[in-house]
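Student: Would you be able to build a 3D model of this:
(one chain, ligands or ions: 1)
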Amino acid sequence: TGMFTFDPGFLATAACESKITFIDGDLGQLYYRGYPIEQLAEHSDYLESCYLLLNGELPTAQQKSDFDYMVLRHTMLHDQIHNFFRGFRRDAHPMAVMVGVVGALSAFYHDSLDINDPHHREVSAFRLIAKVPTIAAQAYRYSKGLPFSYPKAGLSYAENFLHMMFSTPVAEYKVNPVLAKALDRIFILHADHEQNASTSTVRLAGSSGANPFACIAAGIACLWGPSHGGANEAVLKMLDEIGSVENVPAFMEGVKNKTHKLMGFGHRVYKNMDPRAKIMKQTCDEVLNELGLHNDPKFKLAMELEKIALEDPYFIERKLYPNVDFYSGIVLSAIGIPVAMFTPIFALARTVGWIAHWTEMIADPGMKIGRPRQLYTGAQRRDYVQVDARR
Ligand code: CMC
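Tutor: Model prediction:
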């Protein structure tokens, strides 16, 4: 392979050092700043986990309330930003709208774009974490023709998102604490996952010195793909297509013949159960019970698919297990979130992880522009041919 190591898809190359998140893929373990994901999902809340990811330590009570206040303060959008939404077709996918509108934030917040100033970096971090849910909710409201909504003081981050999505001037959304807790848990589980494709995209974009709003827009674009954040939407479409348990064997034949993938299964790093999937399955059970939907046919179908897949040699040999997105779509649907909003929800939750990685990289005095090399396999040197002499 000449001078360079050839590693397409980065199967064996570490591109950076990081202190943020650790995954043990063989054991199926995930830690944010050393804390097991199970403990955070059980005891923490999303904004506290954000503080942890960004600062390396859990906040004191005072730090926690200051942080919550700063996020709330930044949740509103400049009124002029609403013009951007109006420029999109109503039937646009909300991820298309998010890539555009989040990218446009750098046209509004010039006052915090000096990436070498730690205070600017911090303000940009607050702006992004606070505004991305508002943008996601407005993208949904625009698609429905609903008036734009505003965040409300006194609600948690997850409650505010539900309020911004669903409240109307004539009917305030009544927050069910079990559902809000489940959504908050989905946010925690998606908050970071070390050097996945979108985080690596954010790092690469940021390594040139681009501003954080532009970098996060790049991350959102990468996340959209069905192999990555788009998988949660793809899982629900797949469950709809399969329809019922009788059709599972035929579907599985198609998977083995490589006609289609079993979406929500497999992971580059986990060669064991994704610990997030375990928590998600339990949350799914809780939410469906709360809503009296324990006979939900999609949940039954998903459990049946999981059972069959885990016993099948095709999956055993390849170490394919359910990932975080296998059950998250069922939970989101039960909460009343439309399928097109699943990936925007992943994006809003992952924003903190992207920023934590971007900040870690920018603050590193040894940072270099990311510049992969290649193995050239094209034509050898040859001479230009005049157009009338070409055949
Ligand atoms: N269904 C069927 N076969 C699969 C699947 C699947 N979901 N995933 C991998 N395989 C097979 C693959 O065809 C290959 O088989 P073979 O050795 O015969 O060629 C083998 O397993 C190894 O897979 P790979 O594609 O080399 O693995 P990868 O690390 O490049 O891909 C992945 C990882 C997540 C892109 C892939 O497993 C996949 O496409 N899964 C479905 C999409 C999905 O659920 N993505 C969400 C990931 S978790 C949330 C996130 O982080 O975004």
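
Student: Ignoring the adjacent residues along the chain, who's closest to the closest residue to the ligand within the stretch 151-300 of the chain?
Tutor: Per Cβ to the nearest ligand atom, residue 266 is where the stretch 151-300 of the chain lies closest to the ligand, at 2.3 Å. Heads up, the C-betas are built off the backbone N, CA and C, glycines and all. Spatial nearest neighbour of residue 266, excluding adjacent residues (Cβ to Cβ, 6 or more residues apart in numbering): residue 320 at 4.5 Å.

Student: Contact partners for the one you found?
Tutor: 262, 265, 266, 309, 314 (Cβ atoms under 8 Å, 6 or more residues apart in numbering).

Student: who's in contact with the nearest residue to residue 291 once chain neighbours are set aside?
Tutor: Nearest residue to residue 291 in three dimensions, chain neighbours excluded: residue 334, at 5.8 Å (Cβ to Cβ, 6+ apart). By Cβ under 8 Å, 6+ apart, residue 334 lies in contact with 179, 284, 287, 288, 291, 293, 296.

Student: Just the pLDDT for the nearest residue to residue 242 once chain neighbours are set aside.
Tutor: Of all residues not flanking residue 242 in the chain, residue 251 sits nearest, at 5.1 Å (Cβ to Cβ, 6+ apart). Note for residue 251: predicted pLDDT of 95.

Student: tell me the phi and psi of residue 171?
Tutor: Main-chain dihedrals, residue 171, degrees, to the nearest 10: phi -150, psi 110.

Student: Quick one: name the residues of the stretch 151-300 of the chain near the ligand.
Tutor: 193, 196, 227-229, 231, 255, 261-268 (Cβ under 6 Å from any ligand atom).

Student: Among the residues you listed, which lie within strands?
Tutor: Among these, no member falls in strands (DSSP state E).

Student: Filter these down to the buried ones, PyMOL style.
Tutor: If you want just the buried ones from these in PyMOL, going by 16 or more other Cβ atoms under 10 Å, the selection is:
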select buried, resi 193+196+228+229+231+255+261+262+263+264+265+266+267
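
Student: nearest residue to residue 229 other than its sequence neighbours?
Tutor: residue 223 (3.6 Å).

Student: burial of that neighbour, as a residue count?
Tutor: Number of residues near residue 223 (other Cβ atoms under 10 Å) recorded here: 26.

Student: Wait, it touches residue 351, no?
Tutor: No. With contact defined as Cβ atoms under 8 Å, residue 223 does not reach residue 351; the gap is 10.0 Å.

Student: got any ranges where the protein has weak pLDDT?
Tutor: For the chain, residues meeting the criterion pLDDT under 70 lie at 1-2.

Student: residue nearest the centroid of it?
Tutor: residue 346 (3.1 Å; Cα atoms, centre = their mean).

Student: That one and residue 229 touch, don't they?
Tutor: Yes. Applying Cβ under 8 Å, one finds residue 346 in contact with residue 229, separated by 4.2 Å.

Student: Could you tell me which residues touch both of those two?
Tutor: With Cβ under 8 Å, 6+ apart as the test, residue 346 and residue 229 both reach residue 223.

Student: Let me know the secondary structure of the residue nearest to residue 266.
Tutor: coil (DSSP: H, G, I helix; E, B strand; the rest coil).

Student: Return the backbone torsion pair for it.
Tutor: According to degrees, to the nearest 10, residue 320 has phi -100, psi 120.

Student: mind listing the helices for the stretch 51-200 of the chain?
Tutor: 61-73, 82-87, 94-104, 118-144, 157-166, 177-190, 197-206 (DSSP state H, counting those that start in this stretch).

Student: Between helix 177-190 and the fourth one, find me the angle.
Tutor: The directions of helix 118-144 and helix 177-190 differ by 130 degrees, with axes from the mean of the first three to the mean of the last three Cα atoms, to 10 degrees as the criterion.
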